[in-house]
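In: Just need the structure, nothing else, for what follows:
(one chain, ligands or ions: 1)
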Amino acid sequence: MAKKNNVILIGFMGSGKTTVGIRLSYRMRRIFEDTDKLIEKKQQKEIKEIFATEGEDFFRKLETQMLLELEETVKDRIISVGGGTPVKEENREILKRLGTVVYLRIRPETVYERLKNDTTRPLLQGEDPKGKICSLMESRKDAYECCADYILDVDELSIEEILQEITSKVGEE
Ligand code: S3P
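Out: Predicted structure coming up:
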C-alpha cells in the first residue's frame, strides 16, 4: 500500500512529540493528531485511568487499533504517538505504512528533568523514576531506531531548530 504522506513523531516520553507536533502542524498547514488524545477521547478516560483499571496490555491493544484506524482514515497529517507505540513490531509496520517517521531522540537525564514532577505517565510513577527512565529507554532504543526514517537528537535543540530540521528533511522527499 502506498504511503499516506503523514509525518509521524515517535520518541520517549518527554521528548516533545506533542509540542513539536502542534507547532509543526501550524508550520506545514496540516491537521495534527495525537494517538494518546484520540484514545482518551474514544475511551472517555485518561491514559492513567486506563492503565489503572484495564491494565497496560489493554492500553497496548487500543494503541494498535488506533493506528489501524488512522491508516484507514487519514493522510497528509502530523501524527504524534505514545512513547511505547513503536515497541510492538506490528505497530512499527503500521507506522511505516502511515508515512515518514521522525524519531525525537533524547537523553535520559533530559527526560528526568522534564518529567520529574509529572503525574500523568503511569510507567514513571513510584520509586526510582530515573532508573525506570534509563531501563525503559535502553529496552526501546533499537525499536525506535529501526522504525525511524530520520533521527533528531533534540536535547540541545530549540523548538525552532527542531521544526526547521524536520521541514527541511520532509520537504526534500
Ligand atoms: C507511554 C507513553 C505515554 C502514554 C502512556 C505510555 C510509554 O505517551 O502513551 O503513558 O509507554 O512510553 P507520551 O510518550 O506522549 O508521554
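In: all strands for the chain, in order.
Out: Under the criterion DSSP state E, the chain carries strands at the ranges 6-10, 32-34, 78-80, 99-105, 150-153.
In: So which residues on this protein come close to the ligand?
Out: Residues of the chain lying near the ligand by CB under 6 Å from any ligand atom: 13, 17, 36, 47, 82, 83, 84, 121, 122, 123. For every residue, glycine as well, the C-beta is placed using N, CA and C.
In: how many other residues sit next to the fourth one?
Out: Think residue 47. 18 (other CB atoms under 10 Å).
In: so it touches residue 122, yeah?
Out: Yes - using CB atoms under 8 Å, residue 47 is in contact with residue 122, at 7.2 Å.
In: still on that earlier bit, mind giving me a markdown table with the strands of the chain and columns for mean pLDDT and mean neighbour count?
Out: Below are the strands of the chain laid out as a markdown table (pLDDT from 0 to 100; neighbours: other CB atoms under 10 Å):
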| stretch | mean pLDDT | mean neighbour count |
| --- | --- | --- |
| strand 6-10 | 98 | 26 |
| strand 32-34 | 98 | 19 |
| strand 78-80 | 98 | 27 |
| strand 99-105 | 98 | 23 |
| strand 150-153 | 98 | 16 |
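In: Out of these, which gets nearest to residue 128?
Out: For residue 128, the closest of the strands of the chain is strand 99-105, at 22.7 Å, according to CB to CB.
In: any idea how far residue 112 lies from the ligand?
Out: 14 Å (CB to the nearest ligand atom, to the nearest Å).
In: same deal with residue 28?
Out: Distance from residue 28 to the ligand, by CB to the nearest ligand atom: 20 Å.
In: Could you give me the ChimeraX syntax to select whichever of the residues of the chain next to the ligand are buried?
Out: Buried residues within the residues of the chain next to the ligand, by 16 or more other CB atoms under 10 Å, are selected in ChimeraX with:
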select :13,17,36,47,82,83,84,121,122
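In: Pull the most distant pair out of the residues of the chain next to the ligand.
Out: Largest pairwise distance in those, by CB to CB, is 17.3 Å, between 17 and 122.
In: how about low-confidence regions in the chain?
Out: The chain contains residues with pLDDT under 70 at 1-3, 172-173.
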